[in-house]
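**Student:** give the three-dimensional model of this entry:
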Amino acid sequence: MAVVVTGGTSGLGLAVARRLATPGGEVFLTYSRDSSAAADARTQLGSTGATVHLVRADLAERGGARAVADAVRARVDAVSHLVHAAAAGAPGALLEHDGADLDRAVRLNGTSVAHVVRELSSLLLPGASVVFVTSAGARCALDGYGLLGAPKALAEHLVRHLARELAPRGVRVNCVSPGPIDTKARREMFPDTWESRLADQVAATPAARGVTAEEVAGVIAALAGPDFAMVQGQVLTVDGGLTL
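**Tutor:** This is a model prediction of the structure:
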């Protein structure tokens with residue numbers, strides 16, 4: 001079984017990779033910059049018995065998705081799980097960023113999901129599951145979240161189209177929207193306020209606690225099971241009721 005997790009060397013992506021890795025399986029983790037974190041991730045996943053491959057690629061660039069597909073295709077002939085968790089944002093209002101910042105954010109956080117799925121589509125055989133990691137910011141205009149949330153709204157609709165196109169082949173495509181999780185990306189997005197924002201959101205959650213990366217990873221793994229074969233093009237929210 002081969003698993004591809006973009007943005008899989010830290011945070012939620014790493015938790016997903018850990019959950020999906022199986023003895024004798026192949027796990028491909030993509031990353032863009034932090035080689036040290038990538039090496040640590042490979043070490044952590046070593047105990048799963050899976051063979052871990054690190055693929056460095058910038059998914060905001062036109063050739064990034066193809067580079068990932070070439071690396072995967074060179075080693076396996078089928079992918080059972082594709083989880084697109086790669087994302088990056090920057091703090092501040094949309095009008096505080098120049099056009100280049102916004103365009104890059106749209107490519108990485110938005111359209112890259114279509115490019116990655118297209119490049120890997122020949123490896124997605126019947127029964128395969130594709131999951132795009134989205135967020136509540138795709139549906140609500142959260143302060144300082146424009147570079148991440150708005151492109152993810154585009155990606156969610158791309159997922160719906162991809163689901164329609166791939167469903168006849170027995171491949172499902174869905175989104176999972178986690179509640180707030182303490183990750184490196186979140187700290188970079190809100191360098192001065194991440195801790196207070198996280199505390200406020202946890203306090204507002206009806207379940208009276210925050211969601212964990214492991215819980216979200218479990219939902220993503222479950223989506224790939226046969227009981228979810230007819231779930232297509234949906235957004236499944238895992239946030240303890242925060243967005244109710």
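**Student:** going forward, measure contacts between C-alpha atoms and count neighbours the same way
**Tutor:** OK.
**Student:** for the closest residue to Phe190 other than its chain neighbours, give its distance to Ser32.
**Tutor:** Spatial nearest neighbour of Phe190, excluding adjacent residues (C-alpha to C-alpha, 6 or more residues apart in numbering): Pro91 at 5.8 Å. Pro91 is 19 Å from Ser32, where distance means C-alpha to C-alpha, to the nearest Å.
**Student:** when those two are compared, which one has more neighbours?
**Tutor:** Using other C-alpha atoms under 10 Å, the more surrounded residue of Pro91 and Ser32 is Pro91, with 20 against 17.
**Student:** quick one: contacts for the more buried one?
**Tutor:** By C-alpha atoms under 8 Å, 6 or more residues apart in numbering, the contact list for Pro91 reads 144-145, 188-191.
**Student:** give the next helix or strand downstream of the longest helix along the chain.
**Tutor:** The single longest helix within the chain, with elements called by DSSP state H, is helix 146-166. Toward the C-terminal end, the helix or strand that comes next after helix 146-166 (DSSP states H and E) is strand 172-178.
**Student:** list the helices and strands that following strand packs on?
**Tutor:** The contact analysis (3 or more C-alpha pairs under 8 Å, 6 or more residues apart in numbering; DSSP states H and E) places strand 172-178 against strand 129-133, helix 146-166, strand 235-238.
**Student:** lowest-confidence helix or strand of this structure?
**Tutor:** Lowest on mean pLDDT, DSSP states H and E among the helices and strands of the chain sits helix 184-189, with a mean of 76.
**Student:** who's in contact with that helix?
**Tutor:** So helix 184-189 is contacted by 10-11, 88-91, 194 (C-alpha under 8 Å, 6+ apart).
**Student:** could the residues you listed go into TSV alongside pLDDT, distance to Arg172 and secondary structure?
**Tutor:** Shown next, in TSV, are these (pLDDT from 0 to 100; distance: C-alpha to C-alpha, whole Å; DSSP: H, G, I helix; E, B strand; the rest coil):
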residue	pLDDT	distance to Arg172	secondary structure
Ser10	94	25	coil
Gly11	93	24	helix
Ala88	90	25	coil
Gly89	82	27	coil
Ala90	83	31	coil
Pro91	81	33	coil
Trp194	80	34	helix
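**Student:** check these and tell me the two furthest apart.
**Tutor:** Spatially, the most separated pair among those is Ser10 and Pro91, at 19.9 Å (C-alpha to C-alpha).
**Student:** mind listing the helices for the protein?
**Tutor:** 11-20, 35-45, 64-73, 99-106, 112-120, 146-166, 184-189, 194-203, 213-223.
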